[in-house]
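In: Below is the sequence, then the predicted model.
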Amino acid sequence: MYVAKVPNRGSPPAVLLRESYREAGKVKNRTLANLSAWPDAKVDALSRVLKGQPPAASPAAALEGTFEITRSLPHGHVAAVLGTARRLGLAELIDPVPSRHRDLVMAMAVAQVIAPGSKLAIARGLRDATAASSLGEVLGLGSCDEDDLYEAMDWLAARQEQIEDALAARHLAGGTLVLYDVSSAAFEGRTCPLGAIGHPKDGVRGRLQIVYGLLTSPGGIPVAIEVFAGNTGDPKTVASQVTKVKDRFALTKVVLVGDRGMLTAARLREDVRPEGLDWITALRAPQVKKLVRDGDLQLTLFDLQDLAEITSPDFPGERLVACMNPFLEAERARKRESLLAATEADLAKIAAACARTRAPLRGQDKIAVLVDRVLNRRKVGKHFTTDITGDSFSYTRNPDSITAEAKLDGIYVLRTSVGPGDLDSPEVVSSYKALAQVERAFRAFNTDLDIRPIRHRTEDRVRAHVFLRMLSYYISWHMQARLAPVLFTDDDKPAARAARQSPVAPAARSPKALAKAAAKRTGDDLPVHSFASLLSDLATICLNTITPADAALPGFRLVTTPTAVQRQALDLLGVSHRLGTT
């Protein structure tokens with residue numbers, strides 16, 4: 001800011017308080033207030049303060065009470081998230097016609113990125129009197145309440161298919177990999193018909209839950225999401241996804257990628273093949289063992305290579321790609337030894353209880369129940385031989401069983417209908433990566449933007465709630481991709497791929513990413529952030545309402561000048577920190 005004297009056509013020069021700023025590489029100026037009515041001493045004192053010069057007189061006497069900051073709202077994170085959403089054209093995807101409902105949906109999607117909370121908390125954060133950020137003011141929603149948000153959710157639920165179709169047209173080409181996986185979320189309350197006891201994937205046991213399936217692009221960009229009852233098995237969700245990608249999205253060439261627990265033989269036979277979709281999945285451990293036992297998979301294949309294409313009469317017309325990952329081999333051996341040692345420790349306690357002199361453990365049935373409980377806890381009972389009598393218990397490891405299992409450590413077999421070709425074809429080489437990619441997408445979806453808690457009571461509201469979270473994740477996915485240079489994320493993928501010795505080896509981080517993580521500084525010597533901490537940093541850019549003490553002068557708004565880190569982040573996102581301000 002600076003004080004400028006501007007010629008005024010025969011009258012004394014106008015004294016203006018101005019701000020200089022840079023936008024799109026150009027220096028611009030704007031007038032904040034007209035100070036022509038101020039006495040010269042006060043103008044001179046303010047000018048010296050703005051220039052960082054010592055005051056000619058006591059500054060307290062000259063400037064005290066001149067201005068008052070009457071409101072200061074966190075704004076930088078709103079500008080970053082809402083600006084990204086607008087750059088992505090999300091509002092037009094939701095509805096081409098501007099409306100209050102569309103603005104409310106945008107507000108909820110943005111709010112879940114910057115400060116996840118209940119609809120009541122979001123409504124309070126938008127209202128003028130209780131605003132937690134500038135979001136309500138920027139979108140003109142300062143008078144909304146939670147009923148308005150619920151009404152907007154109902155409006156959004158009716159538009160979900162249309163929005164998903166638009167996202168599919170944008171991110172799924174005519175022939176592409178489509179990643180699909182299923183997760184669950186614990187449910188609050190007992191009244192929604194979707195809530196049911198099922199197999200929890202989020203670690204919350206003994207609670208009603210919902211199941212939801214997410215479709216993403218090969219890069220993990222969310223495209224569509226569907227909610228099922230909490231007791232729905234993973235395979236039973238496949239049929240609706242096949243219909244979705246084939247009929248609704250009208251994709252001409254689709255390769256559906258899913259894990260082995262979902263794309264079962266029955267689902268492939270009844271749902272996927274009849275629709276003419278290609279697919280990539282993996283064999284279960286018993287199926288891999290049978291391949292080795294029948295001689296279709298010879299372990300000597302991996303003496304000189306880590307990929308081999310094989311055939312088996314059990315899978316006619318399909319391609320089986322056997323992979324050997326030495327890193328996975330070492331990890332499985334480590335985990336098995338850890339489980340065996342922990343199980344031995346528990347078994348030793350039972351043996352000691354049988355051998356103690358005071359109140360020894362007796363009864364063959366009673367001992368057997370305790371032993372079974374220990375062996376089933378970690379699923380390694382097959383690796384132990386036990387001897388139980390009415391007054392004793394002993395155990396030993398089964399070396400033959402352990403050795404037989406260890407032979408298959410690090411080996412997995414991909415099962416696909418993708419046509420024959422070179423083993424280095426993109427479909428085959430990227431297939432295991434694709435299976436892992438959807439799991440990474442779900443980990444981010446479940447942690448960065450956790451859909452819990454779910455407090456809605458009707459099916460439509462629950463579905464709209466989950467869909468809103470997907471839209472929020474859509475925004476944050478693109479933000480994190482653009483912000484990678486200032487985050488701990490690896491932003492040099494070509495170098496990372498070059499450092500990877502084999503397609504089946506674990507992904508390696510580039511030298512640039514390793515240096516960034518070690519020094520906690522970027523190449524420009526700026527601090528490195530996580531996505532959450534960067535949003536907190538951006539939130540310190542405030543939208544300030546400033547009121548002059550002189551009632552004859554108008555008030556004005558002033559946005560905090562960004563720091564070097566904040567400016568770099570905003571430049572990477574391609575947004576302005578003055579988004580929506582005047």
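Out: Good, I have the coordinates.
In: Was I right to think Val204 contacts Ala186?
Out: Yes: counting by C-beta atoms under 8 Å, Val204 touches Ala186, with 3.8 Å between them. In short, each C-beta sits where N, CA and C put it, glycine included.
In: what residues are shared contacts of the two?
Out: With contacts defined as C-beta atoms under 8 Å, 6 or more residues apart in numbering, the residues adjacent to both Val204 and Ala186 are Arg452.
In: Between the two, point out the one with more neighbours.
Out: Of the pair Val204 and Ala186, Ala186 is the one with more neighbours under other C-beta atoms under 10 Å, namely 20 against 14.
In: Quick check, the more buried one in contact with Val211.
Out: No: Ala186 is not in contact with Val211 according to C-beta under 8 Å; the separation is 11.4 Å.
In: Show me which helix runs longest in the chain.
Out: Of all the segments of type helix in the chain, defined by DSSP state H, the longest one is helix 326-355.
In: Please pull up the helix or strand immediately following that one.
Out: Beyond helix 326-355 on the C-terminal side, the first helix or strand identified by DSSP states H and E is helix 364-377.
In: Please could you give me each C-alpha atom of the helix or strand that that next one is followed by, formatted as CSV?
Out: Along the chain past helix 364-377, the next helix or strand (assigned with DSSP H and E) turns out to be strand 384-388. Extracted C-alpha coordinates of strand 384-388, given in CSV (Å, rounded to 0.1, in the frame of the first residue of the first chain):
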residue,chain,number,x,y,z
PHE,A,384,1.6,-76.2,13.9
THR,A,385,1.3,-79.7,15.1
THR,A,386,-0.3,-80.1,18.5
ASP,A,387,-0.8,-82.8,21.0
ILE,A,388,-3.6,-82.4,23.6
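In: which neighbours does strand 384-388 have in its sheet, and in what orientation?
Out: Here strand 384-388 is paired, per DSSP bridges, with strand 393-397 (antiparallel).
In: what residues does the strand it pairs with touch?
Out: Taking contacts as C-beta under 8 Å, 6+ apart, the residues outside strand 393-397 that touch it are 340, 344, 347, 350-351, 354, 361, 367, 371, 383-387.
In: sorry, back to before: next, the angle from the longest helix of the chain to strand 384-388.
Out: Here helix 326-355 points in a direction 10 degrees away from that of strand 384-388 (axes from the mean of the first three to the mean of the last three C-alpha atoms, to 10 degrees).
In: so how far is helix 326-355 from its chain's centroid?
Out: Averaged C-alpha coordinates place helix 326-355 at 34 Å from its chain's average position (C-alpha atoms, centre = their mean, to the nearest Å).
In: Now do the buried residues in that helix.
Out: For helix 326-355, the neighbour count (16 or more other C-beta atoms under 10 Å) marks Pro326, Leu328, Glu329, Arg332, Arg336, Leu340, Thr343, Glu344, Leu347, Ile350, Ala351, Cys354 as buried.
In: Return the residues in contact with the third one.
Out: The contact partners of Glu329, taken as C-beta under 8 Å, 6+ apart, are Asp409, Gly410, Ile411.
In: Taking those, please make a PyMOL selection of just the buried ones.
Out: Only the buried entries of those go into this PyMOL selection, using 16+ other C-beta under 10 Å:
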select buried, resi 409+410+411
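In: Out of the contacts of Glu329, flag the one nearest to Lys244.
Out: Lys244 lies nearest to Ile411 out of the contacts of Glu329, by C-beta to C-beta, at 33.8 Å.
In: Could you list the low-pLDDT ranges of the stretch 51-200 of the chain?
Out: Segments of the stretch 51-200 of the chain classed as low confidence (criterion: pLDDT under 70) are 52, 54-65, 174-175.
In: pLDDT below threshold where in the stretch 351-500 of the chain?
Out: Scanning the stretch 351-500 of the chain with the threshold set as pLDDT under 70 gives 419-450, 500.
In: Quick one: distance of stretch 474-484 to the chain centre.
Out: Per C-alpha atoms, centre = their mean, the displacement of stretch 474-484 from the mean C-alpha position of its chain is 10 Å.
In: Dump it to PDB, keeping only the CA atoms.
Out: Included here for stretch 474-484 are C-alpha records, laid out as PDB according to Å, rounded to 0.1, in the frame of the first residue of the first chain:
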ATOM      1  CA  TYR A 474     -12.400 -34.900  -7.200                       C
ATOM      2  CA  ILE A 475     -11.300 -31.400  -6.300                       C
ATOM      3  CA  SER A 476      -8.500 -32.400  -3.900                       C
ATOM      4  CA  TRP A 477      -7.200 -35.000  -6.300                       C
ATOM      5  CA  HIS A 478      -6.500 -32.300  -8.900                       C
ATOM      6  CA  MET A 479      -5.200 -29.900  -6.300                       C
ATOM      7  CA  GLN A 480      -2.700 -32.400  -5.000                       C
ATOM      8  CA  ALA A 481      -1.600 -33.300  -8.500                       C
ATOM      9  CA  ARG A 482      -0.800 -29.600  -9.300                       C
ATOM     10  CA  LEU A 483       0.700 -28.900  -5.900                       C
ATOM     11  CA  ALA A 484       3.100 -31.800  -6.000                       C
END
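In: Give the buried residues for that stretch.
Out: Using 16+ other C-beta under 10 Å as the burial criterion, the residues of stretch 474-484 that qualify are Tyr474, Ile475, Ser476, Trp477, His478, Met479, Gln480, Arg482, Leu483, Ala484.
In: For these, give me a markdown table that also has secondary structure and distance to Ala132.
Out: Shown next, in a markdown table, are the buried residues of stretch 474-484 (DSSP: H, G, I helix; E, B strand; the rest coil; distance: C-beta to C-beta, whole Å):
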| residue | secondary structure | distance to Ala132 |
| --- | --- | --- |
| Tyr474 | helix | 23 |
| Ile475 | helix | 18 |
| Ser476 | helix | 19 |
| Trp477 | helix | 24 |
| His478 | helix | 24 |
| Met479 | helix | 20 |
| Gln480 | helix | 23 |
| Arg482 | helix | 25 |
| Leu483 | coil | 23 |
| Ala484 | helix | 28 |
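In: Tally up the residues packed near Thr581, please.
Out: 15.
In: That one reaches His75, doesn't it?
Out: Yes: A contact is recorded between Thr581 and His75 when judged using C-beta under 8 Å, the distance being 7.5 Å.
In: so what sits against both of the two?
Out: Here Thr581 and His75 have Ser134, Leu543, Val559 as joint contacts, going by C-beta under 8 Å, 6+ apart.
In: wait, Lys51 sits on Asp44?
Out: No: in terms of C-beta under 8 Å, Lys51 does not count as a neighbour of Asp44; the distance is 10.7 Å.
In: Return the set of residues that bridge with Thr547.
Out: Where Thr547 sits in a bridge, its partners, by DSSP bridges, are Glu68.
In: Any idea what Val178 is bridged to?
Out: According to DSSP bridges, Leu256 are recorded as the beta-bridge partners of Val178.
In: scratch that, Ala308 is what I was asking about
Out: Applying DSSP bridges, one finds that Ala308 bridges with Ala322.
In: Looking at Lys51 and Asp44, which one has more neighbours?
Out: More neighbours surround Asp44 than the other of Lys51 and Asp44, with 16 against 10 (other C-beta under 10 Å).
In: three-state assignment of the more buried one?
Out: helix (DSSP: H, G, I helix; E, B strand; the rest coil).
In: how far away is it from Trp38?
Out: According to C-beta to C-beta, to the nearest Å, Asp44 stands 10 Å off from Trp38.
In: Same check on Tyr180?
Out: 67 Å.
In: Those two: which has the busier surroundings?
Out: A direct count of neighbours by other C-beta under 10 Å for Tyr180 and Trp38 places Tyr180 higher, at 26 against 20.
In: Going by neighbour count, list what's buried in the helix or strand harbouring the more buried one.
Out: Element membership of Tyr180, judged by DSSP H and E, is strand 175-186. For strand 175-186, the neighbour count (16+ other C-beta under 10 Å) marks Thr176, Leu177, Val178, Leu179, Tyr180, Asp181, Val182, Ser183, Ser184, Ala185, Ala186 as buried.
In: Could you check how far it is from the centre of its chain?
Out: So, by C-alpha atoms, centre = their mean, the centroid of strand 175-186 is 13 Å from its chain's centroid.
In: Following the chain past it, name the next helix or strand.
Out: On the C-terminal side of strand 175-186, the nearest following helix or strand under DSSP H and E is strand 209-216.
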